[in-house]
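K.L.:
Can you look at this prediction? I've put the sequence above it.
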Amino acid sequence: MANIINGIAHAGIIREEVKARIEHMAPVSPMQLAVILVGDSSASQSYNNMNKTACEEVGIGFALHCLPESTGQGQVLALIDSLNNTPEVAGILVQLPLPLHLDRLRVVSAINIRKDVDCLHPYNIGLAVSGLGRLLPCTPAGILTLLKREVICLKGKNAVIVGRSDIVGKPLSFLLQAEDATVTVCHRHTENLPEVCRRADVLAVAVGTPKFITAGMVKPGAVIIDVGSNFVDGKLCGDVDFENCLDVASHITPVPGGVGPMTVAALLENCIKAWDLQHE
Ligand code: NAP
């Protein structure tokens, strides 16, 4: 029976550490996270609610800038410019995906690199690729923290990542390579996916399809990291057939309660790091 990794407990410890650090800074923390949401996405809104609660709990202000779907590029860039120049804004998070009429590259490239708390700016992605990043993308950073806190050895291990999104799969591959894992990134065109997955000592899944990974795709003793966040019959579930994989894996993250809370914790940590970068 696999060890169920408790992301809520690990994230709780990190949140306490961030809270203590902020309490230490000043009688009243001036620090704020600014989130830009263009258009109406219920998935983004529930993520924002979680982030708002977490920020307020640790003493970071949370400002949500909701813009209508029809907002033009110039208005989005003007808002980012104003937040870049607001000293109390420690971090800026642009919720992706953006409506199609907006140029994602231009928008994320407008974020001050020292306020880029989800590592969206190409400069910060470049630093992350080269192993020099200080602001790492929240979900991959949270996963890496989880693996380290569970004392899971990555050196020389086969890590297979299913999904190559810019926010999860690709950056996670950089971070795991930096830990000396041998990394394979899979996608829709990967041949013999079950066989590739069965080679994984660490199997990370970010596909967006419930129960995509079945027990037969898992090597006995593998560590499974389920990033998926899907709603089925009103219930949150991951990309892994959790119940059946429990008997095969050595460790597994549940959904909810695995990677999600670690993403939020990584965002809080990034706010502090961004603040430090702006004040060094
Ligand atoms: P995404 O942009 O939705 O892309 C999905 C990826 O999965 C793509 O690379 C796609 O391949 C691959 N894929 C889809 N079907 C596949 C198949 N049949 N075989 C092999 N590969 C397949 O990915 P994402 O934004 O990373 O999101 C993935 C999931 O993670 C979603 O459920 C999302 O809600 C969740 N998520 C959770 C967190 C968290 O903090 N817990 C954070 C971010 C995302 P192609 O590139 O070939 O199309």
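P.N.:
Thanks, I have it.

K.L.:
contacts and neighbour counts: CA atoms only from here.
P.N.:
OK.

K.L.:
Show me which positions of the host helix or strand of residue 236 end up buried.
P.N.:
Taking DSSP states H and E as the criterion, residue 236 maps to strand 235-237. Going by neighbour count (16 or more other CA atoms under 10 Å), the buried part of strand 235-237 is residue 237.

K.L.:
So which elements touch that strand?
P.N.:
Applying 3 or more CA pairs under 8 Å, 6 or more residues apart in numbering; DSSP states H and E, we find strand 235-237 packed against strand 230-232.

K.L.:
before we move on, back to that, the strand holding residue 236 vs the ligand: in contact?
P.N.:
No - judged by CA under 6 Å from any ligand atom, strand 235-237 stays clear of the ligand, getting no closer than 8.7 Å.

K.L.:
Just the mean pLDDT for that strand, thanks.
P.N.:
On average, the pLDDT along strand 235-237 is 94.

K.L.:
Now do that strand: everything it contacts.
P.N.:
Taking contacts as CA atoms under 8 Å, 6 or more residues apart in numbering, the residues outside strand 235-237 that touch it are 210, 228, 229, 230, 231, 255, 256.

K.L.:
Select only the buried ones of those in ChimeraX?
P.N.:
Applied in ChimeraX, the following selects the buried portion of those according to 16+ other CA under 10 Å:
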select :210,228,229,230,255,256
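
K.L.:
So residue 21 versus residue 148, what's the distance?
P.N.:
21 Å (CA to CA, to the nearest Å).

K.L.:
likewise residue 265?
P.N.:
Applying CA to CA to residue 265 and residue 148 gives a distance of 15 Å.

K.L.:
and if you look at residue 207?
P.N.:
In terms of CA to CA, residue 207 sits 23 Å off from residue 148.

K.L.:
quick one, phi/psi of the residue of the stretch 1-150 of the chain found nearest the ligand?
P.N.:
Among all residues of the stretch 1-150 of the chain, residue 139 sits closest to the ligand, at 5.2 Å; criterion: CA to the nearest ligand atom. Main-chain dihedrals, residue 139, degrees, to the nearest 10: phi -70, psi -50.

K.L.:
what's the neighbour count on it?
P.N.:
As a burial measure, residue 139 scores 25 neighbours (other CA atoms under 10 Å).

K.L.:
what's near enough to touch the closest residue to it other than its chain neighbours?
P.N.:
With CA to CA, 6 or more residues apart in numbering as the criterion, residue 139 has its nearest non-adjacent residue at 4.6 Å, and that residue is residue 263. The contact partners of residue 263, by CA under 8 Å, 6+ apart, come to 138, 139, 140, 141, 142, 143.
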